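J.: coordinates only, sequence not included:
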């Protein structure tokens, strides 16, 4: 019943394709094979892009904002716990728990939001100072990086800028003092 199939395989198969590679020029695929190309001269090493300054501004900003928000929530929550227990209008347990939760939520969220926004502003000012390469101008004068000092003072001035120049100047000095404490060799909040 398979009489329509012929036993001759050469009649059903076509001609084999031509695998002649003489038309391929090695200079077109030279970098992939490691063959030196006459147009490039001597073989050159491949260099990878490497950021000498560390992490990018967005990574630093998110890390600082997240850590500051967490610290603000914890600190504000502890303060809210103290305030909630101190200002409870009743001695009943349900009222005390409600008062503590209200104060923790109010103070924790407020402190977390403020510290998170301030850390974003600080990260942006620090990135701008590194873009301007302020550290290269102060290397001979001090060992403390100028970018962190500039970022702290500019953040303090920005935060209190609506209160007037005198208050903004005091805030710049206060922020420089406060943010200079945790500053190590890695940056604000050690990121």
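T.: The structure has been received and is ready for your questions. These numbers were taken from a predicted model, which means no experiment stands behind them.
J.: Residues in contact with stretch 97-115: which ones?
T.: 68-77, 79-81, 83-85, 87-89 (C-beta atoms under 8 Å, 6 or more residues apart in numbering). In short, each C-beta sits where N, CA and C put it, glycine included.
J.: All the helices of this protein, residue numbers only.
T.: If DSSP state H is used as the criterion, the helices of the chain fall at 9-12, 30-33, 57-86, 93-132, 146-159, 165-180.
J.: I'd like those laid out as JSON lines, including distance to residue 21 and mean neighbour count.
T.: Below are those laid out as JSON lines (distance: least, C-beta to C-beta, whole Å; neighbours: other C-beta atoms under 10 Å):
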{"stretch": "helix 9-12", "distance to residue 21": "26", "mean neighbour count": "7"}
{"stretch": "helix 30-33", "distance to residue 21": "13", "mean neighbour count": "11"}
{"stretch": "helix 57-86", "distance to residue 21": "47", "mean neighbour count": "17"}
{"stretch": "helix 93-132", "distance to residue 21": "52", "mean neighbour count": "18"}
{"stretch": "helix 146-159", "distance to residue 21": "57", "mean neighbour count": "22"}
{"stretch": "helix 165-180", "distance to residue 21": "66", "mean neighbour count": "16"}
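J.: Least confident of those, on average?
T.: Mean pLDDT values for these show the minimum at helix 9-12, a mean of 51.
J.: Tell me which of the helices of the chain approaches residue 19 most closely.
T.: Closest approach to residue 19 among the helices of the chain is made by helix 30-33 (18.3 Å; C-beta to C-beta).
J.: how close does the closest residue to residue 134 other than its chain neighbours get to residue 160?
T.: Using C-beta to C-beta, 6 or more residues apart in numbering and skipping the chain neighbours, the partner closest in space to residue 134 is residue 146 (4.2 Å). Going from residue 146 to residue 160 by C-beta to C-beta, to the nearest Å gives 22 Å.
J.: try residue 139
T.: Residue 139 is 30 Å from residue 160, by C-beta to C-beta.
J.: just residue 123 next, same as before
T.: Counting by C-beta to C-beta, the gap from residue 123 to residue 160 is 19 Å.
J.: cool, and residue 21?
T.: Taken as C-beta to C-beta, the span from residue 21 to residue 160 is 74 Å.
J.: of those two, who's got more company?
T.: The neighbour comparison of residue 21 against residue 160 (other C-beta atoms under 10 Å) goes to residue 160, with 19 against 7.
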